[in-house]
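In: kindly generate the corresponding structure for this input.
(2 chains)
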Amino acid sequence: MRETTHKIARRRKTGRRHPFATVALIAIGLGLTGGAYAAFNATGSTADAAASSQSDIDAGKKLFQANCASCHGLEAQGTSEAPSLIGVGAAAVDFQVGTGRMPMAMQGPQAQEKPSQFTQDQIDQLAAYVASLAPGPGIPDSKYTDGDGDAAKGAELFRVNCAMCHNVAGAGGALTEGKYAPPLHGVSPTHVYEAMVTGPQNMPVFNDKNISPEGKRDIITYLRFIQQNPSPGGFELGALGPVAEGLFIWIFGLGSIVALTVWITAKSN
Amino acid sequence: MAQDDNGGTEITPAASSAVDRRPGDPGTAVIVQDAAENPGFPPHRARITDKDPRKQRRAERTVYTLFYVSIVGSIWAVAAYIAFPIESGNIADVRVSTLAIGIGMALALLAIGFGAVHWAKALMADKEGIDIRHPVRGSDETRDRAVEIFKEADTESGFGRRTLIRNSLIGALVAFPLPAIVLFRGLGPMNEDPVKLLSHTMWKRGTRLTRDPSGTPIKASDVTIGSVFHVIPEGLNDKEDALDQKAKAAVLLMRLDPKDLHPRPSRKDWAYDGIVAYSKICTHVGCPVALYEQQTHHLLCPCHQSQFDITHEARVIFGPASRPLPQLPITVDADGYLVAQSDFHEPVGPSFWERH
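Out: Predicted coordinates for the structure are as follows:
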């Protein structure tokens, strides 16, 4: 009994003084530091790479190669037809594929919105694959897309940052050479958030340093508010402003004046 | 009809001599004797309400029903005002109330109008008559008398004779608009040269670029490629004339790939690592230009479709603007925040008298 403890103690001593002990210690130290840094970084970024399993990534890669690779390249490196998708993040995939803009039906001034060709599971797999290529903006947390923020603050942010293209009522508007800012009515809050973060097509990027996630939540709240509350002025006529209103009064206002004039001056039977 | 020249007697269509020409009046130079004869009016066609008493009664019914409908509309509007209160402040309630009251009032007015017109057309006397227009020129007698009156007035008032009174009156009338001119001048800047005010903005060396509307400073690292920031100068929100200052100093901040930018050599250091700042005020008539397309790098003005190419110093590539947008030279300070190097090097916004 006594001899055994002595033996263990001696073995420990020799272990600590083993020629490889320093190397092992340094390796452990480096490993711990790197691991902690990686863990800290992962929690810091919005990308939830941990949530997507390797099987999702593999399934997404197959979907990508079957549906996207002809334009974006087999490794998503981009071709002369389409940009590289390395680093665009899961948010870009969820927005572009989820709103049906991708895969594009044809080349044009900009990708059109259409019914999505994929199920949400398939979109998630595609997003997991693209997110696995390089870090990028992730799918937003649902606490930022619930639409329960400050609508008044959101309206101010919307007026400053969004209204010049998307119209103050979110009805959309024309850009140059056939491009346009789409109407925002009926767009899901997640897609609105993702569009702000990723800047699809010609829309600029509004990163979290420009408009904070809380600000984005307020904007989503404002959009929800104007969709749920009727216009106080009666018919909106598409909320397009002077063009729609002018055309309406031109056709129906002047038309009824002409009709009344004809009726008043016509001879009675 | 009450002021007919022919005293209410109806005149039948007559030959063209209805207007009696004064002797010596040359009339028209061309004599149109060979023209087709005036066919006069088509024969009078009796209305159905004149021929058929039943139709007449029906028209009568229509007219008084319309007037009753108008009464109903008025009462409806009053009832709607009570029935649909807007005390909740809810927009939907406001809308319902406005709609209901509006329908009542429209009914009240339109029914009176339609009833009156229908009454006049279908039931009031249906006789055709001609009222001959009298000549515009007065008789010589009237004209002489008018001249006489003027002369009399001049003699009686002494307007032509008492020149001191006349001239002082003219002087008073000339001086009368002067207060208006002075008062309107007071609306403009008083102690400063307007040209200088229009030529300078709040930006100066070291002013930080801050976000609109929060006024928080922007780090160069915050501006990722493809981003656009709407920028106001630091301290703008504390200014008393913040809106006036913003109208001149608003800036759009964009980051492009530095190799996409093609600045002239003297402006090489006006950007910071692909971050460029341009005035947001259109050089055409001063609308805010902020429709930035991050792939084409074109900036579109929504008012008159002027387009500016950010890759080439915001030169005009389409539309009525005549000058590129002024560029704000920027750099970063010791803390990494974006700051202006100076004010704009040219006046922002549209042309004014001293700048064409």
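
In: wait, B:A122 touches B:D52, no?
Out: No. B:A122 lies out of contact with B:D52 (CB atoms under 8 Å); the separation is 11.5 Å. C-beta: built from backbone N, CA, C; applies to glycine.

In: could you give the number of residues near B:I330?
Out: Applying other CB atoms under 10 Å in any protein chain shown, we find 24 residues neighbouring B:I330.

In: dump the residue contacts of the nearest residue to it once chain neighbours are set aside.
Out: Using CB to CB, 6 or more residues apart in numbering or on different chains and skipping the chain neighbours, the partner closest in space to B:I330 is B:A277 (5.0 Å). By CB atoms under 8 Å, 6 or more residues apart in numbering or on different chains, the residues touching B:A277 are B:L209, B:V231, B:V251, B:L252, B:L253, B:M254, B:Q327, B:L328, B:I330, B:L338, B:A340.

In: SS state for residue 76?
Out: In the absence of a named chain, chain A is used. At A:A76 the chain is in coil, as set by DSSP: H, G, I helix; E, B strand; the rest coil.

In: tell me how far A:G253 lies from chain B.
Out: 14 Å (CB to the nearest CB, to the nearest Å).

In: who are the contact partners of that residue?
Out: No contacts exist for A:G253 under CB under 8 Å, 6+ apart.

In: isn't there a helix covering it?
Out: Yes. Using three-state DSSP, the secondary structure at A:G253 is a helix.

In: which residue is nearest the centroid of chain A?
Out: Centroid check for chain A by CA atoms, centre = their mean gives A:E194 as the closest residue, at 1.4 Å.

In: list the residues that contact that one.
Out: With contacts defined as CB under 8 Å, 6+ apart, A:E194 is in contact with A:A91, A:A92, A:D94, A:F95, A:P137, A:I139, A:P140.

In: what is the burial count for residue 54?
Out: In the absence of a named chain, chain A is used. Residues lying near A:Q54 (other CB under 10 Å) number 9.

In: the chain in question should be chain B.
Out: Using other CB under 10 Å, the number of residues around B:R54 comes to 9.

In: again with A:M106
Out: With neighbours defined by other CB under 10 Å, the count for A:M106 comes to 6.

In: the domain parsing of chain B - what is it?
Out: Using automatic domain parsing, the domain parsing of chain B gives B:48-123, B:140-183, B:199-340.

In: what values do phi and psi take at A:V205?
Out: Phi and psi for A:V205, reported as degrees, to the nearest 10, are phi -80, psi 130.

In: which residue packs closest to the closest residue to chain A within the stretch 1-150 of chain B, ignoring adjacent ones?
Out: Across the stretch 1-150 of chain B, the shortest distance to chain A (CB to the nearest CB) belongs to B:K121, at 3.9 Å. Among residues not flanking B:K121 along the chain, A:S268 sits closest, at 3.9 Å (CB to CB, 6+ apart).

In: picking up where we left off before, more neighbours, B:A122 and B:D52?
Out: The residue with more neighbours, out of B:A122 and B:D52, is B:A122; 21 against 13, by other CB under 10 Å.

In: can you report how many residues neighbour the residue lying closest to the more buried one once chain neighbours are set aside?
Out: Nearest non-adjacent residue to B:A122, counting by CB to CB, 6+ apart: B:A59, 4.1 Å away. Neighbourhood size, B:A59 [other CB under 10 Å]: 19.

In: from chain B, how far off is A:D56?
Out: Using CB to the nearest CB, one gets 27 Å for the distance from A:D56 to chain B.

In: tell me if that residue really is in a strand.
Out: No. Remark: A:D56 does not belong to a strand; assigned using three-state DSSP, it is helix.

In: now the residue nearest to it when sequence neighbours are not counted. Its backbone dihedrals?
Out: In space, not counting the residues next to it along the chain, A:D56 is nearest to A:A128; the distance is 4.3 Å by CB to CB, 6+ apart. The phi and psi values for A:A128, taken as degrees, to the nearest 10, are phi -60, psi -40.

In: that older thread, what residues does the residue of the stretch 1-150 of chain B closest to chain A make contact with?
Out: By CB under 8 Å, 6+ apart, the residues touching B:K121 are A:I264, A:K267, A:S268.

In: which of these lies closest to B:A100?
Out: Checking the contacts of B:K121 against B:A100 by CB to CB gives A:I264 as the nearest, at 29.1 Å.

In: do I have it right that the closest one meets B:H118?
Out: No. With contact defined as CB under 8 Å, A:I264 does not reach B:H118; the gap is 9.9 Å.

In: out of these two, which sits in the busier spot?
Out: Per other CB under 10 Å, whichever of A:I264 and B:H118 has more neighbours is B:H118, with 18 against 13.

In: in three-state terms, label the more buried one for me.
Out: Per three-state DSSP, B:H118 ends up helix.

In: how about the residues of the stretch 151-269 of chain A that lie near chain B?
Out: By the rule CB under 8 Å from any CB of the partner chain, the part of the stretch 151-269 of chain A lying against chain B is A:156-157, A:160-161, A:164-165, A:173, A:175-176, A:179, A:181, A:199, A:201-207, A:209-210, A:229-232, A:234, A:263-264, A:267-269.

In: among the residues you listed, which are in helices?
Out: A:E156, A:L157, A:V160, A:N161, A:M164, A:C165, A:W263, A:I264 (DSSP state H).

In: could you report the neighbour count for the third one?
Out: Counted with other CB under 10 Å, the neighbours of A:V160 add up to 19.

In: got a list of what the nearest residue to A:P189 once chain neighbours are set aside touches?
Out: Leaving aside its chain neighbours, A:P189 sits nearest to A:T145 (3.9 Å; criterion: CB to CB, 6+ apart). A:T145 makes contacts with A:P189, A:T190, A:V192, A:Y193, A:R217, A:I220, as judged by CB under 8 Å, 6+ apart.

In: fine, thanks again, bye for now.
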